[in-house]
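# just need the structure, nothing else, for what follows:
(one chain, ligands or ions: 1)
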Amino acid sequence: MDVFGLIGNPVGHSLSPPMHEAAYEALDLDARYVTFEPQPDDLEHALAGAAALGISGLNVTIPFKQDVLEYVEADALASRIGAVNTIDFSGDVPTGHNTDAIGAVRSLREHDVPLEGADAVVVGAGGAGRAIAFGLADEGASVTICNRTASKALALSEDVPDASGGGLEDLEGAIADADLLVNATSVGMEADETPVPAGALHEDLAVMDAVYRPLETRLLREARAAGATTVDGAWMLLYQGVDALERWTGETAPVDSMNDALRSRL
Ligand code: ATR
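Numbers count the residues shown, from 1 in each chain. Sure thing, here's the model as predicted:
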């Protein structure tokens, strides 16, 4: 039996176990997906233990995505983003990958949102914002990053090709000419709030939210009302998992089974 899992703290409410186990069932794979919650100080031992026990792959979440870089051989994209969300233990040394970026890109592609030459606005410059900004830029989009703390957006825009950065006061102006808007902040998760003024939204825009609880955030509701194309956060969660599963197993992921398992729990 192959064992895969998620390492983070906390991981109690994760939707990854049912999503991945639905895939194993559909593919008839003898595999399990379990969650691990080590103390932050124990990360190095936890990863060495995982390798020694023959665990095949781990997803990584808060607070370990950056720290893991020290203990795995990160690929080029994960190194540029500065975060690993997927570890593959199948080789001589554990390798680190970032499927959050490709998850965002695949979510948009599946909704027929063009990225090559697009003007994209990313709100947020934390972990999610970094991955999304690199993903979009690598597909040929020009990315404007707006963040509450403008200095973080400016710093990120120096790492991302063809990007610029600013504060939330720059948001409306940037959205006016944009083709795509992505919320990569946590705003909308706790309360019915949005980081984007409704008046800035327009029908030539595709709007994706990284927040998936609730599935329809205030931003997406207001975007729909403005006639924009909307892509909810469960798609990003789905496709980061799809990419991890395909990397680990070499199989084509049963996307519909994984999507059903996810959405039935949201
Ligand atoms: P994640 O890994 O999910 O991206 P994070 O790294 O903690 O989480 O980043 C959270 C992001 O949400 C940041 O861009 C943060 O802005 P700051 O850099 O200014 O902190 C943004 N954020 C959180 N609460 C916010 C709020 N109430 N208004 C606007 N932005 C907010």
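
# what pLDDT is listed against the residue of the stretch 51-200 of the chain found nearest the ligand?
Per Cβ to the nearest ligand atom, residue 126 is where the stretch 51-200 of the chain lies closest to the ligand, at 2.0 Å. Placement of C-beta: from N, CA and C, glycine included. On pLDDT, residue 126 comes in at 94.

# could you do residue 190 as well?
Looking at residue 190, the pLDDT reads 86.

# one step back: need the contact list for the residue of the stretch 51-200 of the chain closest to the ligand.
152, 184-185 (Cβ atoms under 8 Å, 6 or more residues apart in numbering).

# interface residues of the stretch 151-266 of the chain facing the ligand?
152, 184-187, 195 (Cβ under 6 Å from any ligand atom).

# redo these as a markdown table? Include distance to residue 98 and neighbour count.
Listed next are these as a markdown table, based on distance: Cβ to Cβ, whole Å; neighbours: other Cβ atoms under 10 Å:
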| residue | distance to residue 98 | neighbour count |
| --- | --- | --- |
| 152 | 19 | 18 |
| 184 | 14 | 28 |
| 185 | 19 | 26 |
| 186 | 19 | 14 |
| 187 | 23 | 20 |
| 195 | 23 | 20 |
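
# want to try TSV for those, with pLDDT as columns?
Shown next, in TSV, are these (pLDDT from 0 to 100):
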residue	pLDDT
152	98
184	98
185	97
186	96
187	97
195	98
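
# now, the most widely separated pair of the residues you listed?
152 and 187 (15.1 Å; Cβ to Cβ).

# could you look up the SS state of residue 230?
At residue 230, secondary structure determined by DSSP: H, G, I helix; E, B strand; the rest coil is strand.

# that one bridge partners, please.
residue 207 (DSSP bridges).

# I'd say it and residue 224 touch.
Yes: applying Cβ atoms under 8 Å, one finds residue 230 in contact with residue 224, separated by 5.3 Å.

# residue 212 reaches residue 238, doesn't it?
No: with contact defined as Cβ under 8 Å, residue 212 does not reach residue 238; the gap is 9.3 Å.

# which residues touch the residue nearest to residue 87 when sequence neighbours are not counted?
In space, and not counting its chain neighbours, residue 87 is closest to residue 58: 4.6 Å by Cβ to Cβ, 6 or more residues apart in numbering. Residue 58 sits next to 4-7, 36, 47, 50, 86-87, 89 when contact means Cβ under 8 Å, 6+ apart.

# residue 230 and residue 224: which has the busier surroundings?
residue 230 (19 against 14; other Cβ atoms under 10 Å).

# got the contact list for the more buried one?
206-209, 220, 223-224.

# now with 6 Å, please.
207, 220, 223-224 (Cβ atoms under 6 Å, 6 or more residues apart in numbering).

# just to check, residue 123 is in contact with residue 195?
Yes: counting by Cβ atoms under 6 Å, residue 123 does reach residue 195; the two are 5.1 Å apart.

# which of the contacts of residue 230 count as buried?
207, 220, 223 (16 or more other Cβ atoms under 10 Å).

# which stretches in this protein count as strands?
In the chain, the strands defined using DSSP state E lie at 2-7, 31-36, 57-60, 73-74, 86-88, 95-97, 119-123, 142-146, 163-166, 180-183, 206-209, 229-231.

# need these in TSV (columns: distance to residue 248).
Below are the strands of the chain laid out as TSV (distance: least, Cβ to Cβ, whole Å):
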stretch	distance to residue 248
strand 2-7	6
strand 31-36	9
strand 57-60	4
strand 73-74	16
strand 86-88	6
strand 95-97	10
strand 119-123	28
strand 142-146	29
strand 163-166	31
strand 180-183	27
strand 206-209	26
strand 229-231	25
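
# mean pLDDT added to these, as JSON lines?
Formatted as JSON lines, those follow (pLDDT from 0 to 100):
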{"stretch": "strand 2-7", "mean pLDDT": "98"}
{"stretch": "strand 31-36", "mean pLDDT": "98"}
{"stretch": "strand 57-60", "mean pLDDT": "98"}
{"stretch": "strand 73-74", "mean pLDDT": "98"}
{"stretch": "strand 86-88", "mean pLDDT": "98"}
{"stretch": "strand 95-97", "mean pLDDT": "98"}
{"stretch": "strand 119-123", "mean pLDDT": "98"}
{"stretch": "strand 142-146", "mean pLDDT": "98"}
{"stretch": "strand 163-166", "mean pLDDT": "98"}
{"stretch": "strand 180-183", "mean pLDDT": "98"}
{"stretch": "strand 206-209", "mean pLDDT": "98"}
{"stretch": "strand 229-231", "mean pLDDT": "98"}
